[in-house]
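*Asks:* Test case, fold it:
(chains A and B)
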2 protein chains.
Amino acid sequence: MGKRPSGHVPQEEINALLIAEARAGRLVVRLKGGDPFVFGRGGEECEALAAAGVPFAVVPGVTAAVAAPGSAGIPVTHRDYGSAFAVVTGHECDGASDLDWGALARIPTLVVLMGVRALPEITARLIAHGMGPTTPAALTASATLPHASTVLGTLATIAERAREARVEPPATLVLGEVVRVRDRLARPESQTCSAAFACQ
Amino acid sequence: MGKRPSGHVPQEEINALLIAEARAGRLVVRLKGGDPFVFGRGGEECEALAAAGVPFAVVPGVTAAVAAPGSAGIPVTHRDYGSAFAVVTGHECDGASDLDWGALARIPTLVVLMGVRALPEITARLIAHGMGPTTPAALTASATLPHASTVLGTLATIAERAREARVEPPATLVLGEVVRVRDRLARPESQTCSAAFACQ
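*Replies:* Numbering: from 1, shown residues only, chains lettered A, B, ... in the order given. Take a look at the predicted model:
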């Protein structure tokens, strides 16, 4: 079962279906795209199942917050560059935001999921809260897919670069010195690298 | 190839072996325990390979920072509780620390990897930097293994609870309101849940 950005299948219906199928005696696999425990609603689905008395097991998966940068040649931490990272969703950035941007601006590596639409607002907010405008930035779209692409820039320029390159969601933004590692991996003979950072 | 905490195989030797085997014409798989791009040295290994002209590909994996809490019934984000999370390693906590603890103390969910030994220091530092002493805390050891276990407490009590329970590394600490989700999943009939949060 999938959800589109328009949210045409409400979470309540998904929960109800999981419970109904389980009560009908079926073994139900809820396979989610994206990590269900990272800005997914895995926690809420587990709560609904628990409240309904439906036994379940969670099998952890790969989170785009780390995998998307990794597939673009960017480790979210690195001995020389970043010893902590934080993850937020761009969905939290429209208009009023409860996020503590002052704190986020001070974390060495910041990963923003689902932030394409709010990119100008996100970058302006971080600059206003003290993150350096020259902080390296990378925006990876459709990570690990054949048409994956990465746009590079700085905190000050990445929104404009992304607009010029017509980056479409889903995309993962990484801000921090760790972005420089990608440069060190991009040898002349591997300029075509893009999908799952394969240098051949 | 594995590394022990004692670090008996230096990173330089691992890099050299990867390069030598590749140059001998072999297809080399470097399988890492733990996410190589999250406080692993995946970035450095990639740099060594690139500098040596060895083609390589990165296949992203599952990071304990999200999977260990998840396997213990704790999503690192949740609509009701936490809309951002940060990850640090306890190895950064001995003595002088370059980490911005004031900023980390303000992130809704904080995950600390490899923090068992430095737990008293980590929790004291966060309290000194303004994180509430009653912030819910969970320490999951040997996540997803048959002998996995989770110790619960608060920022103020988790170090003492862990000492009493004789928690051994590796373990993952989660601090934040998201820890409360686990309570909602722990129905009376599922008190034996521990390994991969299986409620049956």
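*Asks:* only C-alpha atoms for contact and neighbour calcs from this point on.
*Replies:* Noted.
*Asks:* any idea how far A:F85 lies from chain B?
*Replies:* 5 Å (CA to the nearest CA, to the nearest Å).
*Asks:* repeat for A:T157
*Replies:* The value you get for A:T157 to chain B, if CA to the nearest CA is used, is 24 Å.
*Asks:* Wait, A:A137 touches A:V181, no?
*Replies:* No. In terms of CA atoms under 8 Å, A:A137 does not count as a neighbour of A:V181; the distance is 11.6 Å.
*Asks:* With neighbour numbers in mind, choose between those two.
*Replies:* Counted by other CA atoms under 10 Å in any protein chain shown, A:A137 and A:V181 do not tie: A:A137 has more neighbours, with 26 against 20.
*Asks:* how about that one, what does it touch?
*Replies:* Neighbouring residues of A:A137 by CA atoms under 8 Å, 6 or more residues apart in numbering or on different chains: A:152-155, A:158, A:173-176, A:179.
*Asks:* can we see that at 7 Å?
*Replies:* For A:A137, the contact set (CA atoms under 7 Å, 6 or more residues apart in numbering or on different chains) comprises A:152-155, A:158, A:174-176, A:179.
*Asks:* which residues does the residue positioned nearest the centre of chain A bridge with?
*Replies:* Closest to where the C-alpha atoms of chain A average out (CA atoms, centre = their mean) is A:L113, at 2.9 Å. Following DSSP bridges, A:L113 is listed with bridge partners A:T89, A:T172.
*Asks:* And for A:T109?
*Replies:* In beta-bridge terms (that is, DSSP bridges), A:T109 pairs with A:F85.
*Asks:* Is it in contact with A:P75, as I believe?
*Replies:* No. A:T109 is beyond contact range of A:P75, at 9.8 Å (criterion: CA atoms under 7 Å).
*Asks:* Near chain B, which residues of chain A are found?
*Replies:* A:37-39, A:43, A:46-47, A:50, A:55-62, A:67, A:70-71, A:75-78, A:83-88, A:103, A:106-107, A:184-185, A:187, A:196-200 (CA under 7 Å from any CA of the partner chain).
*Asks:* Residue ranges of each domain in chain A, please.
*Replies:* Annotated domains of chain A cover A:11-51, A:64-190 [automatic domain parsing].
*Asks:* Need the winner for burial among those domains.
*Replies:* When the domains of chain A are scored by mean count of other CA atoms under 10 Å in any protein chain shown, the highest mean neighbour count falls to domain A:64-190 (a mean of 20).
*Asks:* Now find how far off-centre that domain is within its chain.
*Replies:* On the basis of CA atoms, centre = their mean, to the nearest Å, domain A:64-190 sits 9 Å off its chain's mean C-alpha point.
*Asks:* per-residue confidence averaged over it?
*Replies:* The pLDDT scores in domain A:64-190 average 90.
*Asks:* Take the residues of chain A next to chain B and keep only those in strands.
*Replies:* A:84-88 (DSSP state E).
*Asks:* Specify the helix with the largest residue count in chain A.
*Replies:* The residue-count maximum for a helix in chain A (DSSP state H) belongs to helix A:11-23.
*Asks:* export that helix as CSV, just CAs?
*Replies:* C-alpha atoms of helix A:11-23 as CSV (Å, rounded to 0.1, in the frame of the first residue of the first chain):
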residue,chain,number,x,y,z
GLN,A,11,-3.5,7.0,7.9
GLU,A,12,-6.6,6.0,9.7
GLU,A,13,-7.7,3.8,6.8
ILE,A,14,-4.3,2.2,6.6
ASN,A,15,-4.4,1.4,10.3
ALA,A,16,-7.9,0.0,10.0
LEU,A,17,-7.0,-2.2,7.0
LEU,A,18,-3.9,-3.6,8.9
ILE,A,19,-6.1,-4.5,11.8
ALA,A,20,-9.0,-5.9,9.8
GLU,A,21,-6.7,-8.1,7.7
ALA,A,22,-4.9,-9.4,10.8
ARG,A,23,-8.2,-10.1,12.5
